[in-house]
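Visitor: Return a 3D structure for these sequence lines:
(chains A and B)
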Amino acid sequence: MIEIIDILFSANFWAAALRIATPLIFGVIGALICERAGVLNLGIEGIFTAGAMAGWMAVWLGAGLWGGVLVAAFAGAVFGLIHAILTVPLGLSQHVSGIGVTLFATSLSYFIYRTALPDVSSPPRIDAFQPLDIPVLSELPFIGPALFQQTPLTFLALFLVLATAYVLYRTPLGLAIQAVGDNPAAVESQGLSVYAIRMGTVVAGSAIMALGGAFLTMSAFDAFFFGMVNGRGWICIALTVFASWRPGKALIGALLFGAFDAFQVRLQTEVGSFIPGQVFLMMPYILSIAALIVVARRADYPRALLVPYFKGQR
Amino acid sequence: MIRFEPRPPASVSRMLGVSLAAAVAALVLAAIPMLFAGLSVFQAYGLMVKGAFGSLFAFTEMLTRATPLILTGLAAAVAFRAKLWNIGAEGQLYAGALAAVAVGTGAIAAPTFILIPIVVVAGALAGGLLMLGPTLLKTRLGVDEVVTTLLLNFIVLLFVQMMLEGPMQDPMGMGWPQSEPILDEAALPKLLDRMRIHWGLVLALAASLGVYFLLKRTVWGFEIRAVGENAAAARHAGIPVTATFIRVGLLSGALAGLAGVGEVAGLKGYLTADLSPGFGYSGIVVAMLAGLSPIGVVFAALFIASIFVGADSMSRATGVSNYLADLIVAMALLCVLVSGLFLRFKVKFITAPSAKETGR
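Guide: Residues are numbered from 1 along each chain as shown, chains lettered A, B, ... in the order given. So this is what the prediction gives:
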C-alpha cells in the first residue's frame, strides 16, 4: 500500500503518464473533431501507422524533425481526404470506409517501408526529439520533471487541446462544425456548404491523428516497427465516447489512461513473477471497453453522426 | 455537378458486374505500387497467376487459403446484413482455434466420428460466445459494437499467447509457445494425398449453402434482412429486433470460430499465436466484394486467396515484399465501396440546375 502511494506521488510516474498519453491526446482530438462534424473516422488505426512511417521515413531520408512532423500530418490528411470523399459527398458507409482506409494506410505504409528497406534486420534509427528541459520551469519541484521535461510533441498535443476547444466553442467555424454534426440541413439553409465543412474537418482531424503516430517513431521511440500502433487508434475511438466529444475531457481521459498504463508497468515490476505479462498488456483494451460501458447510458452522440447528408435533402 | 438518384433493388447480374469491376479496378491500381517497387507489371501478374493456378499444388494451396476466408467472409456477411458491425472475426477465429485445441489434444478420448464433431462444435461455440458479449452490450446498453469487437481482437490474441506460454503449452515443444498437437482422431482429414487441402473446405462450402438457405428461405433470415434494412421499422412491424441481433451475433461469431477450427484441426495441427495472418479482417473485404451474398462469398474468397497465394509466390521469385497482397486487398475494399454506388444510384452529370429543382 505504501508502495502504491509512493508511486502516485513520484514525478517520474506522472512524467511517464503524460508521455503515454501524448499519442492518445492527438488521436482523441483528431477523432473528436471528425465525429463532431458527423463523421466516424475508423481510418484512425491506419492513419496512426501512416503518420508513424511517413514522419520517420522523412527524417531518415534527411528532413529535419519538424519537417518529418509536417510530412506525417500531410500523410494523415491524404488518407483523411480519401475517407472524406467516400463518406461525405458519396455518402458511403462510414464503418466500412474507415476500415478500408485503415487496411489501405497500414498495408501501404508496410509496403513502402519494406520496399525502401528490403533487407534490414534491425530497424534503422533516427535522432529523435529530446526532452526540452526548459530552464527554471523544469527545476520546479514535482511539476518540473513531470511537465517540463517532455519532448516538444507533448507540448504540441497540449496546445492542440486548447486550440481545439477555442476553435470549437469560440469561433464561427467551430459552431459550424458542431452544427453539421447535429443538424446539417440547418447549416445548408444558412448558405454554408455541409460538404466543405465536413470534408475539411475530416482532413484536419486525420492530420492531427497522424501526429500521434509520428510521436511514436520520432519521440517515444526512434525507429519504425511493424505493428507498433497496436490498437492505439481503436483505444482513441473508445476514449472519444468516454470524453463526451469534449477536448478538455479528452485530455483528462487520455491522462487517466496514461496514468493507469504507467501504474500497471510499475506494478508489473513488483508482482510480475506471479501474474503473466499478457494480463498487464490486456489492461489498456479492457479499460477501453470498461470506459465505453461506464458512459454508455449517458453518451450524447452528435445527432447526425453516421448519417450521410445529400444536398437539397429535407 | 454530380447527382445520385436512387435505383430500385439491383439484379444479380448488375451486382456481379459491380464486384467484377471492383476486382479489376483493384488489380489495375496495383500496378502503381508494382512499378514503384521496380517490377515489370505483366511479369509480376504472370508470376502471381502461376503461383495461384500454375500447378495442382498451387491450386490446392489457393483453395486451402480460401477455406478460412470463406468462413470469416460469411461471418462478416451475415452480421453486416443485419447491420451488426462485427469487426472481431480475427478474435473469434482465435477463440475457435483455442477451443478446438482445448478439446482436441487429449482432454477427450473418443473415436474420430465423435471427436471431430466435438472439436467443430466447441470451436463454433467459442466464437459465438465471444461475439455474444459485444452483441449484448449493443442491445442492452447501446455500446458501439465496432469498437468492442475490435478491442476484443487484441485481448483474445494476448489471452492465446498467455495460454500458449502457460497451461496449454506443449511440454514436448522445446519451450516454443505452441499447443500440444491435435490428436489424429480429432484432425480434419486431408482431401488429397500429399496436399494440404483438407475437409475444412467442405465445411466452409456447406456453411455457405446453409447461410444462403437461412437468409433466403427461413423466417429468421427474413428477420435478419428486415432488421438490417430498417431496425426501427422492423421493431414497429413486430419483429424481435433484439433477439435477431443476438442470433446474428452468435451465428457470425460461430462462423469465424469455425475458421479457427479449420486452421488448427485441418491445416497446422497445433495452435500458435501467428495462426492467422489477418483472416478476420480480410473476411470483411471478402464479404463486401461478395455484396454480402453467402454464395458470392465463396467466389470472393477464391479471388482474395489467389491474390495472397499468388503474391507470396511472386514475392519469393522477385524479392518484392508480399505486403503487396494486403495492399491489393485493401484497394479492392475501397473499390467495391465506390462501385457499389452504381448499384444503389443512377449517377447523373448535370451542368446546370433544372427548372424543377430551382422551383423548389
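
Visitor: which parts of the stretch 101-250 of chain A sit against chain B?
Guide: A:101, A:103-104, A:106-108, A:110-112, A:114-115, A:118, A:230-231, A:234-235, A:237-238, A:241 (Cβ under 8 Å from any Cβ of the partner chain). Glycine gets a C-beta too; all of them are placed from N, C-alpha and C.

Visitor: are any of those buried, and which?
Guide: Buried members of these, scored by 16 or more other Cβ atoms under 10 Å in any protein chain shown, are A:101, A:103-104, A:106-108, A:110-112, A:114-115, A:230-231, A:234-235, A:237-238, A:241.

Visitor: quick one: which of those residues sit in helices?
Guide: Those of these mapping onto helices are A:101, A:103-104, A:106-108, A:110-112, A:114-115, A:234-235, A:237-238, A:241, per DSSP state H.

Visitor: Contact residues of the stretch 151-300 of chain B facing chain A?
Guide: By Cβ under 8 Å from any Cβ, the part of the stretch 151-300 of chain B that sits against chain A consists of B:151-155, B:158-159, B:161-162, B:165-166, B:281, B:284-285, B:288.

Visitor: at 10 Å what do you get?
Guide: Applying Cβ under 10 Å from any Cβ of the partner chain, one finds that the stretch 151-300 of chain B approaches chain A through B:151-166, B:278, B:281-282, B:284-285, B:287-288.

Visitor: Spit out the contact partners of residue A:16.
Guide: Residue A:16 sits next to A:10, A:146, A:258, A:259, A:261, A:262, A:263, A:265, A:266 when contact means Cβ atoms under 10 Å, 6 or more residues apart in numbering or on different chains.

Visitor: typo on my end, it should be residue B:257
Guide: B:71, B:75, B:89, B:91-100, B:120-131 are the contacts of residue B:257 under Cβ under 10 Å, 6+ apart.

Visitor: can you do 7 Å?
Guide: B:92, B:93, B:95, B:96, B:123, B:124, B:126, B:127, B:128 (Cβ atoms under 7 Å, 6 or more residues apart in numbering or on different chains).

Visitor: ok, of those residues, which one's closest to chain A?
Guide: residue B:95 (14.4 Å; Cβ to the nearest Cβ).

Visitor: And the helices in chain A?
Guide: For chain A, the helices defined by DSSP H occupy A:2-8, A:11-36, A:44-60, A:65-87, A:94-116, A:143-147, A:152-170, A:172-182, A:184-189, A:194-215, A:232-242, A:247-271, A:277-296.

Visitor: Return the angle between stretch directions for the third one and helix A:65-87.
Guide: The reference is to helix A:44-60. Taking axes from the mean of the first three to the mean of the last three Cα atoms, to 10 degrees, one finds that helix A:44-60 is oriented at 150 degrees with respect to helix A:65-87.

Visitor: where are the low-confidence patches of the stretch 201-314 of chain A?
Guide: A:272, A:312-314 (pLDDT under 70).

Visitor: one more time with 80, if that's ok
Guide: A:265, A:267-274, A:297, A:299, A:311-314 (pLDDT under 80).

Visitor: re earlier: please flag which of the residues of the stretch 151-300 of chain B next to chain A sit within helices.
Guide: In helices, judged by DSSP H, the following of those are found: B:151-165, B:281-282, B:284-285, B:287-288.

Visitor: May I have the secondary structure class of residue B:115?
Guide: helix (DSSP: H, G, I helix; E, B strand; the rest coil).

Visitor: how deep is it tucked in, by neighbour count?
Guide: Look at residue B:115: counted by other Cβ atoms under 10 Å in any protein chain shown, it has 21 neighbours.

Visitor: show me what contacts it?
Guide: Contacts of residue B:115 (Cβ under 7 Å, 6+ apart): B:104, B:108, B:183, B:185, B:186.

Visitor: Need the worst-confidence member of those residues.
Guide: Lowest pLDDT within the contacts of residue B:115 is found at residue B:108 (84).

Visitor: show me what contacts it?
Guide: By Cβ under 7 Å, 6+ apart, the contact set of residue B:108 is B:115, B:118.

Visitor: With residue B:102 instead?
Guide: Counting by Cβ under 7 Å, 6+ apart, residue B:102 touches residue B:122.

Visitor: Mind pulling up the pLDDT for residue B:348?
Guide: 65.
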